[in-house]
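J.: how would this look folded up:
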Amino acid sequence: MLFGEYLLEHGLVSESVLLAALDDQARSRPFTGTLAVDLGYLSVGQVLQVLNEQTITEKKFLATAIHLGFMNRSQADRIIALQRDRQTPIGQVLQQRAALSSKQLSEALKGYFGRPPEGVTENSQEEMAGTLNSGL
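T.: Numbers count the residues shown, from 1 in each chain. Down below sits the predicted model:
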């Protein structure tokens, strides 16, 4: 179960609030092409070629870059992981939208993960929830 589903099932957020927060979270995710250039996997010219090809094939950016031979699957996986890591955690987005207080988020994370193991902080729990919720 994703963290967003947990929040819905426990009545902590409405579906419309969660969907809006997920939209905000998606907008916080770095662009694939930007990360590919930053990591040295693609040049700006190659990004433009991928974008142009996408208009024809309607494939996703990374699939197109791999198809064109500009990147390999391992590089694509690294970009996907970085996007997930660099997006704003869903709990933080919900706090920014005033949909959850700090206390509500803390209690929800404790319920979602169970009592945190020794050494796991609420911040690390929130980071995990943001990562886990990116697929909702």
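J.: I figured Leu7 was touching Ala108, is that so?
T.: Yes: the criterion here is C-beta atoms under 8 Å, and Leu7 meets it with Ala108 at 6.1 Å. (Each C-beta comes from the backbone N, C-alpha and C, glycine too.)
J.: which residues do the two both contact?
T.: Shared contacts of Leu7 and Ala108, defined by C-beta atoms under 8 Å, 6 or more residues apart in numbering, are found at Leu100.
J.: which one's more surrounded, these two?
T.: Neighbours of Leu7 and Ala108, each counted by other C-beta atoms under 10 Å, are more numerous for Leu7; the result is 28 against 22.
J.: distance of that one relative to Ser102?
T.: Counting by C-beta to C-beta, to the nearest Å, the gap from Leu7 to Ser102 is 15 Å.
J.: how about Ala81?
T.: For Ala81 relative to Ser102 (C-beta to C-beta), the value is 28 Å.
J.: cool, and Thr57?
T.: Computed as C-beta to C-beta, the Thr57 to Ser102 distance reads 45 Å.
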